[in-house]
Each structure stands twice: as C-alpha cells, then as structure tokens.
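Colleague: Below is the sequence, then the predicted model.
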Amino acid sequence: MRISIFGLGYVGTVSAACFAADGNQVLGVDPVPDKVDLINRGLSPIVEDEIGEIIEETVRKGQLRATQDPLTAVHETDLSIVCVGTPSQSNGNLDLRYIRRICEQIGQALRTKDTRHTVVIRSTILPGTMRNVAIPVLEEFSGKKAGEDFGVCYNPEFLREGTAVRDFRYPPKTVFGELDRESGDMLAALYQGIEAPLIRTDLNNAEMIKYVDNSWHALKIGFANEIGNLCDAFAVDAEEVMNIFCQDKKLNISPAYLKPGFAFGGSCLPKDLRALSYQAKMHDLQLPILNSVLPSNEMQIAHGVKLVIESGNSRVGVLGFSFKAGTDDLRESPVIEVIERLIGKGYDLRIYDRNVNIAALVGANRDFILNRIPHISRLMAASVDAVLAHAETIVIGNYDPEFSQIQSTLRDGQCLVDLVRITKQGSAKAQQLTFVGK
C-alpha cells in the first residue's frame, strides 16, 4: 500500500518505519527540514529501541522516504495517516492547531486529486473532534464530501516509549472508527499482518477508547501507590499483597465490575472503604483516590434520583431494589437510598423484587431495611404488572433478567429510567430517560 505519514514525531516515526518494514511504500511528511533529512539519510529523528535499524534498512530498500511537501505526499499515496501532536492548553483542553493545519493541507491536496484518497487521524483527540473539526476542515479545503469523495477513519495508537516497535507489532488490540465502509476495509487490509483483535467501530467510540485506556492506566498506578502507602503504615509487605491481588484473574484483573451502570452497595464495599479511610486518617495518610470512591458512588445515587424527578411524574415504580440481582440483601442498597429520598419528596411509590420477602428477612438485613423504611411492606407489589399498572415512571434498579424486556411492555406515556442499562435502549446512554409514546 502507498502511505503518507504526516508528522515525524514519536508516533509518526515509529508508524512510518514499521509500516515500511511490513512492505508498504511509505512517505513521511514533516515541515522540519532536519527530520526529513535524517529520514532520507536512513537515520532516526527519535531515540527508540530498534527504530534506527528499521529506518536504515527500509530507506536502503526504497520503502521509506520523507518530504516537506504535503501536496506531493497526498498525490503519490492512497492513504494519509496524521500523527501530529495534540498538546495541552493552559486550561487542560487540547490544542488542535496542528490537526487543523494538516487537515487544511490534505484538503487542499485532495481538491486537485482525481482518485479516491483515505485520511486517517492517529493523533489522540477527544470524542467529537473528527466530526466537528477534522472532517469539516477537510471538506472545506477540498471542496469534496467525506465518506463519498474521500474516506475518513480514526485509528488510535497504543505505543509506549521504549517498547514502541513491539507494541506496534503485538498490540493488545487494533481499533479504528470508520466514517465509510470502503475506508475501513482499506485500513483493515493495512493491519492484516498484525496478530491482534481488530475492532471496527464508530468514530466517537474510537476517539474515546484511548482516553479510557490511559485514564485506567493512571488509576491503576495511583491505586497501587495508595495501597503501598497503606501497607507500609500497617507494616504489611505491599509487593506481596499486590502480587496476591493480581493473581485473581476472575474479579480483580478482569472485565468484572467494569460495566457502566448504577452505584454499588451491599454489606462489604461501603463498609470496607470506610474502614480503610478511617485507618488512613489515624496514620495521617492522604488517600485521594480511595477517599473519592464513596463520594463518587453517592453522586451516582443522586443522579438516579434526579432522573426520576426530571421525568415529571408523581407515581413511580421501582423494579429490583436489593443491592444486586439474585439476592435479598438490602444492606446499603443504592436503590433503597433512591426509594427513601423519593418517599421524602412525596412521590407515590410501588416497588417489586422477586427475591425480597420482608417477612423472611432476618438479622442485620431486616434491621437495616425496617430502620430505613419502616413501612416498606405497604409499598411492595406482588408482580411486575402491578408496578406497571400503578406507575407513570418505571425505574429499573438491578440487573434481574426479568426486567430486560420491560421497555416493550410499557404503555404510551410511561417513562423508563434504566439505572443499570439492562434494556437495549438503556445501554445506549448512561441512566437515560426513555419516554414511550411521546
């Protein structure tokens, strides 16, 4: 494939060298003469393991060269990959000046190109940047229509300095968002020799995933450091504790608990977080990550209440109020908190959970619910149908499969608040309001 790489910084140089080593004809583009000269002499403009040797070999074989001329680069290639920087502004927002400039240059070149060309952005950009910035600029300067006259994709990179070549050849995944299928097929063909899951998705999803990945990596580092500080205060071997922690691939290092939904609850998580927070204070430790978890959880509960209020209905039905499906445990259930707040605001409630029988509850579980909502038995309905018959707003509070098809049974005018995203509609947006028949 004939490829032009715009921006010969860290990502651009690694991408250009590795794509060339895979047998593609690669033309690097950069306004800095020294970078262009280094590449054309078979030398690397960056310091990175293996890159020097790869550039030397690919330049010698005629598979890699560089230019300062964007017009030549677009006209002599079929696909352009943009790898320019997106530095932070003083307020934390992205500086998109380089993205805009390159899109202007590529757009101007596309205006005079007769054959179809595909533009791929690889720079890290926030969701919406492709549709709101890159594509409009390309269309303005080319006079052509994206997805019809030229192709557009977004292809985030997952390269780490020091291991970039290995990360390029053996990535955890290859992700790209495609505006049109033809461009996606071309990009898929470019990556066909790389052994990794190939994920084709929407432009916005592809833009977001890099931020999710990096936020998760930062969170893991911060979490491990805070646990290390706690272990030191307790005279516990932090490395041994984390080694044991990481051996759990079912719950700890896994997709478990990483599904967006509602707040957590139950007899363990809130209690144990409070205990660690208290002990940290006793040892004069600052644990901003761990100490922010419970307040964050509280915000999810408040958001759930807000969604019910925004529905504008006074008769509310709650389906599922144990802290998770398949249990009758009500201790610190976030849905109980929602119910309690709605009662306090004067809402007319009916609630249903097939796993909860107040008469059968014993011990701490019974004490918790009767202390929080003494008259809860009067609110309980015998079936889903009874709740639906009463309520104008239906709230799904836990992930019981019984509620997965609720949306199809609602009558005109009823509103659904799916806190756990169990319905198809609920999975599309976070805890959204769905109005039926309006």
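Modeller: Received it, and whenever you're ready, just let me know what you need.

Colleague: If you drop the residues flanking it in sequence, what lies closest to residue 31?
Modeller: residue 68 (5.9 Å; C-beta to C-beta, 6 or more residues apart in numbering). All C-beta spots, glycine's among them, are computed from the backbone N, C-alpha and C.

Colleague: Could you point out which residue ranges in the stretch 151-300 of the chain have low pLDDT?
Modeller: Within the stretch 151-300 of the chain, not a single segment meets pLDDT under 70.

Colleague: All the helices of it, in order from the start?
Modeller: 164-169, 181-190, 203-233, 238-246, 269-282, 288-310 (DSSP state H, counting those that start in this stretch).

Colleague: what's the second one packed up against?
Modeller: By that I understand helix 181-190. Packing partners of helix 181-190 (3 or more C-beta pairs under 8 Å, 6 or more residues apart in numbering; DSSP states H and E): strand 79-82, strand 118-121, strand 151-154, strand 174-178, strand 198-201.

Colleague: Turn those strands into JSON lines, columns for mean neighbour count and distance to residue 187.
Modeller: Output for the helices and strands packed on helix 181-190, formatted as JSON lines (neighbours: other C-beta atoms under 10 Å; distance: least, C-beta to C-beta, whole Å):
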{"stretch": "strand 79-82", "mean neighbour count": "26", "distance to residue 187": "8"}
{"stretch": "strand 118-121", "mean neighbour count": "27", "distance to residue 187": "6"}
{"stretch": "strand 151-154", "mean neighbour count": "26", "distance to residue 187": "5"}
{"stretch": "strand 174-178", "mean neighbour count": "24", "distance to residue 187": "5"}
{"stretch": "strand 198-201", "mean neighbour count": "15", "distance to residue 187": "9"}
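
Colleague: For these, could you give me JSON lines that also reports distance to residue 273?
Modeller: Output for the helices and strands packed on helix 181-190, formatted as JSON lines (distance: least, C-beta to C-beta, whole Å):
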{"stretch": "strand 79-82", "distance to residue 273": "43"}
{"stretch": "strand 118-121", "distance to residue 273": "40"}
{"stretch": "strand 151-154", "distance to residue 273": "37"}
{"stretch": "strand 174-178", "distance to residue 273": "33"}
{"stretch": "strand 198-201", "distance to residue 273": "34"}
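
Colleague: For stretch 173-187, list the C-alpha coordinates in CSV.
Modeller: C-alpha atoms of stretch 173-187 as CSV (Å, rounded to 0.1, in the frame of the first residue of the first chain):
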residue,chain,number,x,y,z
LYS,A,173,-5.9,-4.5,20.1
THR,A,174,-6.3,-2.6,16.8
VAL,A,175,-9.1,-0.1,16.9
PHE,A,176,-10.4,2.2,14.2
GLY,A,177,-13.5,4.2,13.7
GLU,A,178,-14.8,4.4,10.2
LEU,A,179,-16.9,7.0,8.5
ASP,A,180,-17.4,4.8,5.5
ARG,A,181,-17.0,1.1,4.9
GLU,A,182,-14.6,1.3,2.0
SER,A,183,-12.1,3.3,4.0
GLY,A,184,-12.4,0.8,6.9
ASP,A,185,-11.7,-2.0,4.6
MET,A,186,-8.5,-0.3,3.4
LEU,A,187,-7.3,0.2,6.9
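
Colleague: what's in contact with that stretch?
Modeller: 1, 78-79, 116, 118, 120, 130, 135, 146-148, 151-156, 158, 188, 191, 194, 196-207, 209 (C-beta atoms under 8 Å, 6 or more residues apart in numbering).

Colleague: quick one on the thing from earlier: so which of the helices and strands packed on helix 181-190 gets nearest residue 386?
Modeller: strand 198-201 (41.0 Å; C-beta to C-beta).

Colleague: Could I get the contacting residues of residue 332?
Modeller: Counted by C-beta under 8 Å, 6+ apart, residue 332 has contacts 265, 266, 267, 270, 271, 323, 368.

Colleague: So which of these is the closest to residue 296?
Modeller: Residue 296 lies nearest to residue 270 out of the contacts of residue 332, by C-beta to C-beta, at 12.1 Å.

Colleague: what's the closest non-adjacent residue to that closest one?
Modeller: residue 332 (4.9 Å).

Colleague: So the one you found lies in a strand, does it not?
Modeller: No - using DSSP: H, G, I helix; E, B strand; the rest coil, the assignment for residue 332 is coil, not a strand.

Colleague: quick one: it and residue 320, what's the gap?
Modeller: 15 Å (C-beta to C-beta, to the nearest Å).

Colleague: now residue 409
Modeller: 15 Å.

Colleague: which of those two has more neighbours?
Modeller: residue 320 (27 against 12; other C-beta atoms under 10 Å).

Colleague: how about that one, what does it touch?
Modeller: Counted by C-beta under 8 Å, 6+ apart, residue 320 has contacts 335, 352, 353, 396, 397, 398, 399, 400, 403, 420.

Colleague: now with 6 Å?
Modeller: Contacts for residue 320 were tallied using C-beta atoms under 6 Å, 6 or more residues apart in numbering; they are 353, 397, 398, 400.
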